[in-house]
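Visitor: just to be clear, the model below is a prediction. Sequence and coordinates:
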Amino acid sequence: MRLSLRNIVGGSKGSSLLRIAAAAVAASGVALANTDPDDKRKLSIGISGPLRKQLERPWRVGQITDSRPAFLSWDNLQSGILPTFSFSAIPAPPDDVKKEVPADTNESPKPCPQCLGRDTIATAAARVGPAVVNLSVPQGFHSITTGKSIGSGTIINKDGTILTCAHVVVDFQGFRSSSKGKVAVTLQDGRTFEGTVVNADMHSDIAIVKIDSKVPLPTANLGSSGKLRPGDWVVAMGCPLSLQNTVTAGIVSCIDRKSSDLGLGGTRREYLQTDCAINMGNSGGPLVNIDGEVVGVNIMKVLGADGLSFAVPIDSVSKIIEHFKKSGRVIRPWLGLKMVDLNEMIIAQLKERDPAFPDVKRGVLVPTVTPGSPADRAGFQPGDVVIEFDGKPVGSITEIIEIMGDKIGIPMKVVVRRAKDSLVTLTVVPEETNLDI
């Protein structure tokens with residue numbers, strides 16, 4: 001059945017169709033109206049045979065009053081007037097046509113990839129949870145125990161390798177990064193082990209603890225922090241205040257929070273900023289994405305502030321682990337340059353301030369050169385724009401750091417542009433960073 005109504009103006013002839021329109025409006029709860037007589041709106045409804053017979057019964061049409069819901073405030077909807085519409089009624093499907101009803105199962109519906117479902121966070125936490133451990137280290141002086149350091153860690157290898165924070169397992173006042181202290185390790189299933197600090201890097205605050213087990217150990221998979229975006233969901237896991245198996249969730253607030261933004265000195269470092277709740281004891285625990293992969297190591301929070309937590313990106317941690325395997329420590333080349341990434345907007349602003357600024361589309365600006373540094377000896381000048389490093393074009397500080405790697409004492413060619421577009425090639429020999437200065 002298909003009906004069409006034009007010009008609803010009242011009268012017995014249009015009564016049945018007016019009822020159809022009224023039924024449609026009552027069912028939807030919203031009426032579309034327009035005072036423009038040339039404007040034609042269409043509404044399609046499906047009705048069954050019995051309902052159609054009821055609607056076709058004679059019906060007295062009285063004055064139409066304004067019964068709009070309070071939330072409707074269209075200026076062009078006049079009170080007491082139902083403007084011209086065009087309706088079409090579509091017959092309901094036959095009774096013998098049934099929609100298939102999915103079988104009732106106990107399993108929750110699986111969300112689409114990258115969608116957040118009811119079980120998404122719980123599933124991610126369950127994948128990593130068994131590999132999260134509680135760490136405890138006695139603290140004191142001259143063999144007198146005055147307290148203990150508590151923290152968390154993640155088993156990342158079946159051989160018992162645990163990833164954690166250096167400040168959890170190494171006493172900054174009494175030991176150096178080469179210390180081999182003992183750590184009490186408690187697994188989620190209640191098993192306890194005595195662990196040994198194998199490597200610790202104070203500057204990045206990353207450490208490796210090793211335990212020996214005769215039975216297989218649960219492990220967590222490492223993901224990629226480079227795939228994270230602000231707004232992505234993440235899960236913080238650990239043992240805050242020694243409360244084991246604690247899970248909190250939040251979002252990524254910033255993917256590259258610089259150490260200088262937090263007032264931290266030393267060489268440049270970047271952190272993941274989240275609003276996950278972490279407290280004393282969470283340090284060293286994993287930051288997990290919704291796929292159940294470790295994307296960071298929780299390291300600190302801002303005291304007196306809510307929703308300001310920070311983690312070391314797992315991509316940086318992976319490089320530190322490679323340094324541990326290769327050299328037993330982290331080797332950091334030093335040039336003696338303060339550098340700033342350039343983009344189109346910054347370049348345009350600098351050109352506006354100084355017409356002599358180099359004509360570049362990308363590069364790294366050098367605002368400051370440390371006197372007596374390798375860069376100073378190589379001939380770098382404030383205002384230089386690095387466009388090529390060791391034969392590779394560069395547009396960010398991260399790219400320069402990746403190119404240098406752990407190369408110490410090896411000459412590298414650097415191409416810079418200076419004022420009035422002069423092109424200069426320099427040779428710099430990186431030195432190892434002295435973090436004690």
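Guide: Structure's in. What do you need?
Visitor: only C-alpha atoms from now on, for both contacts and neighbour counts.
Guide: Will do.
Visitor: show me where pLDDT drops low in the stretch 251-400 of the chain?
Guide: 266 (pLDDT under 70).
Visitor: would you map the strands across it?
Guide: Assigned by DSSP state E, counting those that start in this stretch, the strands in the stretch 251-400 of the chain fall at 270-274, 286-289, 294-301, 309-313, 333-334, 337-341, 364-369, 384-389, 392-393.
Visitor: redo these as a markdown table? Include distance to residue 138.
Guide: Putting the strands of the stretch 251-400 of the chain into a markdown table (distance: least, C-alpha to C-alpha, whole Å) gives the following:
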| stretch | distance to residue 138 |
| --- | --- |
| strand 270-274 | 28 |
| strand 286-289 | 23 |
| strand 294-301 | 20 |
| strand 309-313 | 25 |
| strand 333-334 | 35 |
| strand 337-341 | 40 |
| strand 364-369 | 44 |
| strand 384-389 | 47 |
| strand 392-393 | 49 |
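Visitor: ranking the ones you listed by burial, who's on top?
Guide: Ranked by mean neighbour count, the strands of the stretch 251-400 of the chain are led by strand 286-289 with a mean of 30 (mean count of other C-alpha atoms under 10 Å).
Visitor: quick check: phi and psi on the closest residue to residue 389 other than its chain neighbours?
Guide: Of all residues not flanking residue 389 in the chain, residue 414 sits nearest, at 4.6 Å (C-alpha to C-alpha, 6 or more residues apart in numbering). Torsion angles at residue 414 (phi, psi; degrees, to the nearest 10) stand at phi -130, psi 130.
Visitor: how close does residue 414 get to residue 427?
Guide: 6 Å (C-alpha to C-alpha, to the nearest Å).
Visitor: burial measure for the closest residue to residue 373 other than its chain neighbours, as a count.
Guide: Using C-alpha to C-alpha, 6+ apart and skipping residues adjacent in sequence, the residue nearest residue 373 is residue 336, 5.1 Å away. Residues within reach of residue 336, counting by other C-alpha atoms under 10 Å, total 20.
Visitor: one more: residue 346?
Guide: By other C-alpha under 10 Å, the residues close to residue 346 number 11.
Visitor: same question for residue 361.
Guide: 12.
Visitor: which one is residue 310 nearest to, not counting chain neighbours?
Guide: Closest residue to residue 310 apart from its sequence neighbours, by C-alpha to C-alpha, 6+ apart: residue 273 at 4.6 Å.
Visitor: contact partners for that neighbour?
Guide: If you count contacts by C-alpha atoms under 8 Å, 6 or more residues apart in numbering, residue 273 has them with 252, 253, 254, 255, 256, 257, 308, 309, 310, 311.
Visitor: show me which of those residues are buried.
Guide: Neighbour-count burial within those applies to 252, 253, 254, 255, 257, 308, 309, 310, 311; the criterion is 16 or more other C-alpha atoms under 10 Å.
Visitor: quick one: neighbours of residue 115, just the number.
Guide: Taking other C-alpha under 10 Å as the neighbour definition, residue 115 ends up with a count of 10.
Visitor: next one: residue 224
Guide: Applying other C-alpha under 10 Å, I find that residue 224 has 16 neighbouring residues.
Visitor: give the contact list for it.
Guide: Going by C-alpha under 8 Å, 6+ apart, residue 224 touches 294, 295, 314, 315.
Visitor: pretty sure the third one sits against residue 295.
Guide: Yes - with contact defined as C-alpha atoms under 8 Å, residue 314 and residue 295 form a contacting pair (4.9 Å).
Visitor: so what sits against both of those two?
Guide: By C-alpha under 8 Å, 6+ apart, residue 314 and residue 295 have these common neighbours: 222, 223, 224, 225.
Visitor: nearest to residue 166, out of the contacts of residue 273: which one, please.
Guide: Minimum distance to residue 166 across the contacts of residue 273 is 13.2 Å, recorded for residue 311 (C-alpha to C-alpha).
Visitor: thought that closest one was touching residue 299?
Guide: Yes - in this structure residue 311 lies within contact range of residue 299 using C-alpha under 8 Å: 5.1 Å.
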